[in-house]
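1. what would the 3D arrangement of this be:
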Amino acid sequence: MQNHALVLGLRHLVIVGFAVAFSGVPACAATPQQQDTAHEAATFESLVGTLAAPEMEGRGPGTEGIELARDFIIEQFETGGLEPGYRPAGGEQASFTQTRTIPLDLELDAVRLALMNGGDGEGVFDHGDDFRILSTGADVSVDGKFAVTMVGYGTESERHDYSSYRIDGEAVEDDALEGRIALAFRYEPMDEEGNSQWRGGGQWSRAARIANKAQLAADHGAAGLLIVNPPSHPDDEAGLLRKLAPVGGRGADVAVAQISQSSFHAMLSRDGHENPRETARAWQRRADEGKLEPVDLEDLEVELTVRATRERVDIDNVAGALPGEGELASQWIIVGAHYDHLGYGGFGSLEPDVHAIHPGADDNASGTAAIIMMAKSFVERLEDDEGRMSGQADDDAGRRSILFVGFSGEERGLLGSRYMVWHFERDTGASLDDVVAMMNLDMIGRLRPDRGLNIAGVGTSETWPELIERIARENDPPINERSGAMAGSDHLPFLQEGIPILFLNTGAHEDYHRPSDTADRINAEGGARVTSLADRLIWALAHQPDRPAFTEPPRRDDDAPRIGRVRLGIMPDYAHDAPGVAVAAVASGSPAAEAELREGDVIIEWNRQAVDDIESLTRALAEHETGDEVRLLVEREDERIVVPVTLGSR
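-> So this is what the prediction gives:
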């Protein structure tokens, strides 16, 4: 990358030559506006080039590169004139960083499942075909011989007055499964067609989530949980799960495995059941009726050995504050962009078998560059005593405070932004109620004339359409306003707290989550134009007397899962402005690839339910477990085709 040099030492990075001489543009031939645009484009290019440099190692959690990126952002905020963004209410020293510990991928050190007294190895199950260990996010260490208790679906729902852990209508003791293994059917109570009694449209409620079942088993003292497909859903249709991804890095501290139905039948035979299939069907009928109480398998003992660990690493959000003035100073605007990426690939990569640096120039060195530029621009504007801009309201109310945040852990499930929301008051000294808006910049470096800039979340406040119309200039990128918020980036935790959001994005491309997302493919001039528009929107909002009112999004069923951890394996086309979700890219080896989805396909139905936009697709994904098969109706060129897809894990 041109126009920057890196000096590395003691994990510290310094930019040499951040100011660039533009010898290729004669001063006499350029207007002041053109000179400003060229300077901003060069600055954007330099920042992206630094953050996406090989020394940054793809900014993956656990790498030295992400620490270099963190330190670079802190340096830019500090030298740019921002104050530390984290000022704990307890009087602790102010800091630019907020740290949390997260687990990385699960590593299995030892696995064994066997029936006792099997004789000649016939009671030993094969890991992969007969059973599979699932990850729940916790370190697991189990090694022993255990009795087994069948607990029906292993779930509960207060709303439906249902619990798998009742005897004679009374809840069992918390230690009822101490020293035992819980055995449970997958899913939840079903009707005669094999669909959920608690949720329509072929979907499952949160009560069906295996992570929840694992926690319930742990709460009752179980050393582990075995999951099996119920008789109504044979293995050759429902399949075996590959793994259960953690939710936000958390999970029950028990071993969790799925066993095949043939393994389940072998266990029932060992327990003395002459017709295991009929026993299983009877148990499912009673569980569907809410009448199956925990059943101890008196003559069955299993040997279970699972030793698995996760490496744990620290990740840091980086925040710099620009305090406001006057009556508005107690109100905050958050301008954020995640700076983490995929490191050397693996988790989240669309080339999962390639071990190589994923630079993440667009995703999301581009957004990080933008918030650095905006922060410096605001400070310089105040120092120059300009303070006001064209289109800004004329008032004496002052200026809102602004918090510029570089989030980490976004690629692993919005871990940094969620943590910040959870601990906002503790770590900033301000109330989340005082946050009036959040702008998220994620992948703004590939502006194309035929697509323009996507601004999502316009429907989260009536303030946004008027503000965008008032601030936008003729030379700004073409704007595609989206009323929906789009899930999957760091604005989501703030939206869920009732905070108006704007999400800026220039759309998908073939280099997304691949090693080819490099700095030389960035449209620096376009990125600078997006940054300029974002700058003016936030500056105007900072001075606007009226607080933007939040517009409540449509509410979901209380039983609907809020966070999906299953994977389809597509990159949506954010510029698609018709009903459905257009596919911009398909990850190799993903469920979408195996189902032969293609770039250009438009998903219009999911299990016969309309898919109107990305948000509705995200909700549909959140209602499933890994291994579920779904029916997609897809528009491909001039025809509609049905595509069955077996969902994978993230």
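2. my guess is residue 110 contacts residue 304. True?
-> No - with contact defined as C-beta atoms under 8 Å, residue 110 does not count as touching residue 304 (10.8 Å). Every C-beta, even on glycine, is put in place using the N, C-alpha and C of the backbone.
3. more neighbours, those two?
-> residue 304 (21 against 11; other C-beta atoms under 10 Å).
4. so that one, which state does it fall into?
-> Following DSSP: H, G, I helix; E, B strand; the rest coil, we place residue 304 in the strand state.
5. show the contacting residues for it.
-> Residue 304 sits next to 112-113, 142-146, 181, 223-224, 255 when contact means C-beta atoms under 8 Å, 6 or more residues apart in numbering.
6. and the strands in the stretch 151-300 of the chain?
-> 156-157, 162-163, 166-167, 170-171, 180-185, 224-228, 255-259, 295-322 (DSSP state E, counting those that start in this stretch).
7. for these, which one sits closest to residue 75?
-> Closest approach to residue 75 among the strands of the stretch 151-300 of the chain is made by strand 295-322 (10.2 Å; C-beta to C-beta).
8. can you give the distance of whichever helix or strand comes after that closest one from its chain's centre?
-> Later in the chain than strand 295-322, the nearest helix or strand by DSSP states H and E is strand 325-326. Centroid displacement of strand 325-326 relative to its chain, using C-alpha atoms, centre = their mean, to the nearest Å, is 36 Å.
9. tell me the mean pLDDT over strand 325-326?
-> Strand 325-326 shows a mean pLDDT of 94.
10. just to revisit the earlier point, so what sits against both of residue 110 and residue 304?
-> The overlap between the contact sets of residue 110 and residue 304 (C-beta under 8 Å, 6+ apart) consists of residue 143.
11. so which residues of the stretch 351-500 of the chain form helices?
-> Assigned helices in the stretch 351-500 of the chain, in chain order: 367-383, 415-422, 424-428, 463-471, 492-495 (criterion: DSSP state H, counting those that start in this stretch).
12. which one, of these, ends up nearest to residue 44?
-> Nearest to residue 44, of all the helices of the stretch 351-500 of the chain, is helix 367-383, at 5.4 Å by C-beta to C-beta.
13. so which elements touch the closest one?
-> helix 32-51, helix 64-79, strand 295-322, strand 332-338, strand 401-407, strand 435-441, helix 524-543 (3 or more C-beta pairs under 8 Å, 6 or more residues apart in numbering; DSSP states H and E).
14. still on that earlier bit, for residue 85, which of the helices of the stretch 351-500 of the chain is the nearest?
-> helix 424-428 (6.8 Å).
15. identify the residues contacting the closest one?
-> With contact meaning C-beta under 8 Å, 6+ apart, helix 424-428 is reached by 85-90, 98, 319, 403, 420, 430-432, 435.
16. now for these, which pair is the farthest apart?
-> 90 and 435 (20.3 Å).
17. and the strands of the stretch 151-300 of the chain as CSV, adding mean pLDDT and distance to residue 623?
-> Formatted as CSV, those follow (pLDDT from 0 to 100; distance: least, C-beta to C-beta, whole Å):
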stretch, mean pLDDT, distance to residue 623
strand 156-157, 94, 15
strand 162-163, 97, 18
strand 166-167, 95, 26
strand 170-171, 93, 27
strand 180-185, 96, 18
strand 224-228, 94, 18
strand 255-259, 91, 19
strand 295-322, 91, 27
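18. comparing residue 90 and residue 435, which residue is more hemmed in?
-> residue 435 (23 against 8).
19. would you confirm that the more buried one contacts residue 501?
-> No - in this structure residue 435 lies outside contact range of residue 501 using C-beta under 8 Å: 10.4 Å.
20. for the closest residue to residue 177 other than its chain neighbours, grab the count of nearby residues.
-> In space, and not counting its chain neighbours, residue 177 is closest to residue 222: 4.0 Å by C-beta to C-beta, 6 or more residues apart in numbering. By other C-beta under 10 Å, 30 other residues sit near residue 222.
21. retrieve the pLDDT associated with residue 222.
-> So, for residue 222, pLDDT stands at 94.
22. what are the ranges of the strands in the stretch 1-150 of the chain?
-> Under DSSP E, counting those that start in this stretch, the stretch 1-150 of the chain gives strands at 5-9, 12-16, 83-84, 97-115, 131-134, 140-150.
23. re the thing from before, which of the contacts of residue 304 are buried, as a ChimeraX select command?
-> Buried subset of those, written as a ChimeraX selection, criterion 16 or more other C-beta atoms under 10 Å:
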select :113,142,146,181,223,224,255
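24. circling back: what sits in contact with each of residue 435 and residue 501?
-> residue 494.
25. isn't residue 265 up against residue 280?
-> Yes - under the criterion of C-beta under 8 Å, residue 265 makes contact with residue 280 at 7.3 Å.
26. which one of those two has more residues nearby?
-> residue 280 (22 against 18).
27. give me the nearest residue to the more buried one, chain neighbours excluded.
-> residue 231 (4.9 Å).
28. again with residue 579
-> Take residue 579 and drop its neighbours on the chain: the residue closest to it by C-beta to C-beta, 6+ apart is residue 612, 5.5 Å away.
29. what does residue 203 give?
-> Using C-beta to C-beta, 6+ apart, the closest residue to residue 203 is residue 623 (4.3 Å).
30. with residue 168 instead?
-> Closest residue to residue 168 apart from its sequence neighbours, by C-beta to C-beta, 6+ apart: residue 293 at 7.7 Å.
31. dump the residue contacts of the one you found.
-> For residue 293, counting by C-beta under 8 Å, 6+ apart, the contacting residues are 166-168.
32. in stretch 325-341, which residues are buried?
-> Those buried within stretch 325-341 under the rule 16+ other C-beta under 10 Å are 328, 331-341.
33. let me have those in JSON lines, extended by distance to residue 524.
-> Output for these, formatted as JSON lines (distance: C-beta to C-beta, whole Å):
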{"residue": "328", "distance to residue 524": "34"}
{"residue": "331", "distance to residue 524": "33"}
{"residue": "332", "distance to residue 524": "30"}
{"residue": "333", "distance to residue 524": "26"}
{"residue": "334", "distance to residue 524": "25"}
{"residue": "335", "distance to residue 524": "20"}
{"residue": "336", "distance to residue 524": "21"}
{"residue": "337", "distance to residue 524": "16"}
{"residue": "338", "distance to residue 524": "20"}
{"residue": "339", "distance to residue 524": "18"}
{"residue": "340", "distance to residue 524": "22"}
{"residue": "341", "distance to residue 524": "19"}
